[in-house]
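In: Let's see this in three dimensions:
(6 chains)
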Protein chains: 4
Amino acid sequence: MSIPTPPAPLAPKRRRGHLRVAAILDAAETVFAEKGYDAATMTEIAARSKTAIGSLYRFFPNKEVLAQAFLSDYVEKVLENLNGIAAHAEGMTPRQLAEALVAYRIALKEHRRVASVLVEAGGDMSGMRGDLSAFLRTKLSAILRSALPHLDEARAAEMARLIQHVLKLVSETSPDEKAVAADVTDLLEFYFTKR
Amino acid sequence: MSIPTPPAPLAPKRRRGHLRVAAILDAAETVFAEKGYDAATMTEIAARSKTAIGSLYRFFPNKEVLAQAFLSDYVEKVLENLNGIAAHAEGMTPRQLAEALVAYRIALKEHRRVASVLVEAGGDMSGMRGDLSAFLRTKLSAILRSALPHLDEARAAEMARLIQHVLKLVSETSPDEKAVAADVTDLLEFYFTKR
Amino acid sequence: MSIPTPPAPLAPKRRRGHLRVAAILDAAETVFAEKGYDAATMTEIAARSKTAIGSLYRFFPNKEVLAQAFLSDYVEKVLENLNGIAAHAEGMTPRQLAEALVAYRIALKEHRRVASVLVEAGGDMSGMRGDLSAFLRTKLSAILRSALPHLDEARAAEMARLIQHVLKLVSETSPDEKAVAADVTDLLEFYFTKR
Amino acid sequence: MSIPTPPAPLAPKRRRGHLRVAAILDAAETVFAEKGYDAATMTEIAARSKTAIGSLYRFFPNKEVLAQAFLSDYVEKVLENLNGIAAHAEGMTPRQLAEALVAYRIALKEHRRVASVLVEAGGDMSGMRGDLSAFLRTKLSAILRSALPHLDEARAAEMARLIQHVLKLVSETSPDEKAVAADVTDLLEFYFTKR
DNA sequence: AATGAATGAGCCTTCATTCAT
DNA sequence: GATGAATGAAGGCTCATTCAT
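Out: Predicted coordinates:
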């Protein structure tokens, strides 16, 4: 019987020193989420974080950097999660793997949304898009081969792509639609088993 | 106060006009695709279509109308395709259904991209988003029940969602990666067969 | 006993040949009245008169000319009226003179409104303002001296100005507020009698 | 949906800001006076006050607010004056009342001009027109009854209108034409005495 | 370092006016 | 002559970014 972990503080958030910076990033998340990259204004982000516009620029010399800061955080979290899975991948049953992946997506759902909005935003940092996605795919591919040793590299890469995409559905679904998560899990399990 | 008739594109009344409109729509597609709705500027669209800004506005009284023009076209095409499938759905094997759906997505790939960028765009016309998506899902759901009579309505609706999403992958993949299409087809076939 | 003149057709309007021109001037009156000079658009005037924009410009090479055309018409009408009074001024009692002037203003009320809007409009034709006003004042002054022979020229000019202004009130009052007209008449009568 | 708080001018928080605002208001007065509301451009106002367009908008979020700023000031001044008269109205002779009113108009002449141009301007804030005018008329009416107790309310209201109008003449006359002021004073005196 | 004023390029849109058909 | 498409200057306004205090 494990002691029920007390619900972690809702936002241990950024470990970054400055509280200011944390506040800004927080506000930025909200605003980006609400309006998208283009429509979000530095002024509003400043206001919501109770930061003078001048100060905001002291920390983030321009809008894009602010967005990138976000993406970095996100990537970091994704990696943590993925590495967590990778650590136990060996020997996982297809079912377990499917469940783990779905769980990981659910865990990141919040941030995933903003991250995708930012990456999607044409122009500025969308260069990151391909790279990021490819990088994560590689990671995923490694996990696959670890759990499903019979896969050759090429096939694993291919599968990674599809999985990556299918998992998006989990991110885009409201938390109460459990059926979707279940469905996806089933689908993945099958996909892992298939051949 | 005039009734707020949602401004509609003005139909050109002369040949010259029609050419212009075609050129504009072409340029618009490119620009929207490249930069997204927000970042796309009317000025650039005008420039690329070698149209004076005033002329652009003659036919499309504002940016949103221009965007809607695409969405309408797109929806129309989607419906055509979907109705085509629906007509033959009855009696299709799972494999055939899967293939038909994948083929339909491949056929629309081009436009799909822009359409999604526009619908995604926060603000203006994103109201359409939910509606459109829901509408298409319903259509898809009907097709499913036609081909797979054992499905009850609820289940069909649920499946429609997942299918809809998985099919996106087809749209987002470059045409030469046949493997993806094949993979998706397999996945769908399984999904249709499963239970 | 004069035969009661049948109420003249509401708009014998412009004697100008072209019906087109008449229609345009009509539409212009409406639009200028509704929106003022600046906010009135040539396009709307064209539309309301069912004239193609190109044709509108054939007759009135630019917006200002159109407005001037109006003012000319108006001045013409004012003169007609004023001359009418002048013809009978000699020997009028102060009361009669006051009544005649008030009546004349009431007759022109409609047009007066638009005319003033146009003249007031900064920029373009407001040059006309002083001139026109001065001209009419002179005319009025002559009438005064005709009816009230004891006035010297300077005094008549002075009075003309005040009268001109007081009469505006008549133009600006809705037709049903008879009290205003009566009041003004009284005031003028006094003013004529005073010294 | 935020409550549509009518946008108000932003109060500057530093000395520099206050100077700017003063400069802007100065320039605005000139430009509005010269061109009228519609034809006045924010760009010109900015230029004349040597303010960057962005700064202009920092303090006055749009053209209308800028105009309203004037009207508010003007109304305030008018009220001060009128209240001053009201305080001593009781027991005034008709002559004194007439003189007081004329003096009050002379005092406000400067601003009156711009104010009227702005209020006259169709569209935006012309809603204020009727209200303002009616409000002042009420005030005036009260003064009348105070000085001329024999008036009943209805009659006072009626007179107020005519007086209001006649006083305009004072505002519109160049200061050196003393005769006009004298004339108006006489006229008013008579008007007050008459019945 | 913090604050908020200043700046100006650039956006969407309108409209008078000209031109090709 | 009539028609309506084409043009582009100009306007109001926003916002990322820089600077003075």
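
In: With residue B:77 as the reference, measure out to residue A:44.
Out: From residue A:44 across to residue B:77, the span is 38 Å (CB to CB, to the nearest Å). Glycine gets a C-beta too; all of them are placed from N, C-alpha and C.

In: so residue A:132 touches residue A:76, yeah?
Out: No - in this structure, residue A:132 is not within contact of residue A:76 by CB atoms under 8 Å, at 11.9 Å.

In: Quick check: closest non-adjacent residue to the residue nearest to the spatial centre of chain A.
Out: By CA atoms, centre = their mean, the mean C-alpha position of chain A lies nearest to residue A:112, the distance being 4.2 Å. Of all residues beyond its chain neighbours, the one nearest residue A:112 is residue A:171 (4.5 Å), with distances taken as CB to CB, 6 or more residues apart in numbering or on different chains.

In: Return the helix or strand in chain A with minimum mean pLDDT.
Out: helix A:127-147 (a mean of 84; mean pLDDT, DSSP states H and E).

In: Which neighbouring elements make contact with that helix?
Out: Contact analysis of helix A:127-147 by 3 or more CB pairs under 8 Å, 6 or more residues apart in numbering or on different chains; DSSP states H and E lists helix A:63-89, helix A:94-120, helix A:153-172 as its packing neighbours.

In: and it with helix A:153-172, angle?
Out: Relative orientation of helix A:127-147 versus helix A:153-172 (axes from the mean of the first three to the mean of the last three CA atoms, to 10 degrees): 110 degrees.

In: Mean confidence (pLDDT) on the helix or strand containing residue A:26, please.
Out: In the assignment (DSSP states H and E), residue A:26 maps to helix A:19-39. In this model, helix A:19-39 has an average pLDDT of 91.

In: ok now the helix or strand just after it, how far from the chain's centre?
Out: Using DSSP H and E, the helix or strand that follows helix A:19-39 in sequence is helix A:42-48. Distance of helix A:42-48 from the chain centroid (CA atoms, centre = their mean, to the nearest Å) equals 24 Å.

In: which non-adjacent residue is nearest residue A:81?
Out: In space, residue A:81 is closest to residue A:104, 4.6 Å off (CB to CB, 6+ apart).

In: and the gap between the residue nearest to the centre of chain A and residue A:104?
Out: 10 Å.

In: Over to residue A:192?
Out: 15 Å.

In: Could you check which of these two has the larger neighbour count?
Out: Comparing residue A:192 with residue A:104 by other CB atoms under 10 Å in any protein chain shown, the one with more neighbours is residue A:192, at 22 against 18.

In: nearest spatial neighbour of that one, skipping sequence neighbours?
Out: Nearest to residue A:192 is residue A:94, by CB to CB, 6+ apart, at 3.6 Å.

In: That neighbour and residue A:186 touch, don't they?
Out: No - judged on CB under 8 Å, residue A:94 makes no contact with residue A:186 at a distance of 10.7 Å.

In: re earlier: pull up the per-residue confidence for the residue nearest to residue A:81.
Out: On the pLDDT scale, residue A:104 gets 92.

In: give the contact list for it.
Out: A:81, A:82, A:84, A:85 (CB atoms under 8 Å, 6 or more residues apart in numbering or on different chains).

In: Up against DNA strand F, what does chain A have?
Out: A:39, A:40, A:41, A:42, A:43, A:53, A:54, A:57, A:61, A:62, A:63, A:64 (CB under 7 Å from any atom of the strand).

In: before we move on, the earlier item: what separation do you get for the residue nearest to the centre of chain A and chain C?
Out: 50 Å (CB to the nearest CB, to the nearest Å).

In: now chain A, which segments are flagged as low pLDDT?
Out: A:1-17, A:122-130, A:195 (pLDDT under 70).

In: Looking at it, which residue is nearest chain C?
Out: residue A:39 (30.7 Å; CB to the nearest CB).

In: And that residue, how far from residue A:45?
Out: 12 Å.

In: Those two: which is more packed in?
Out: Applying other CB under 10 Å to residue A:39 and residue A:45 shows that residue A:45 carries more neighbours, namely 25 against 16.

In: I'd assumed residue A:34 was in contact with that one.
Out: No - contact status for residue A:45 versus residue A:34: not in contact, 10.8 Å apart, counting by CB under 8 Å.

In: which of the contacts of residue A:104 are buried?
Out: A:81, A:82, A:85 (16 or more other CB atoms under 10 Å in any protein chain shown).

In: Quick check: closest non-adjacent residue to the last one.
Out: Counting by CB to CB, 6+ apart, the nearest residue to residue A:85 once its immediate chain neighbours are dropped is residue A:100, at 5.0 Å.

In: the domain parsing of chain A - what is it?
Out: The record's domain parsing of chain A by automatic domain parsing lists A:7-61, A:64-193.

In: can I get those domains in TSV with distance to residue B:89?
Out: Output for these, formatted as TSV (distance: least, CB to CB, whole Å):
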stretch	distance to residue B:89
domain A:7-61	38
domain A:64-193	21
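
In: Let me know which of the ones you listed is tucked in deepest.
Out: Stretch with highest mean neighbour count among those: domain A:64-193 (a mean of 17; mean count of other CB atoms under 10 Å in any protein chain shown).

In: which residues does residue A:108 contact?
Out: Residue A:108 neighbours (CB under 8 Å, 6+ apart): A:74, A:77, A:78, A:81, A:171.

In: which one among those residues gets closest to chain D?
Out: Checking those one by one against chain D (CB to the nearest CB), the nearest turns out to be residue A:171, at 28.5 Å.

In: Verify the stated contact: the closest one with residue A:105.
Out: Yes - Residue A:171 lies in contact with residue A:105 (CB under 8 Å); the separation is 5.6 Å.

In: which residues are common contacts for these two?
Out: Contacts common to residue A:171 and residue A:105, judged by CB under 8 Å, 6+ apart, are residue A:112.

In: in chain A, what residue is nearest chain B?
Out: For chain A, CB to the nearest CB, closest residue to chain B: residue A:38, 3.5 Å.

In: what's that residue in contact with, if anything?
Out: A:121, B:36, B:38, B:39.

In: now with 7 Å?
Out: With contact set as CB atoms under 7 Å, 6 or more residues apart in numbering or on different chains, residue A:38 has these partners: A:121, B:38, B:39.

In: Chain D versus the last one, what's the distance?
Out: The reference is to residue B:39. 21 Å.

In: The first one too?
Out: Plainly put, residue A:121 is 25 Å away from chain D if you go by CB to the nearest CB.
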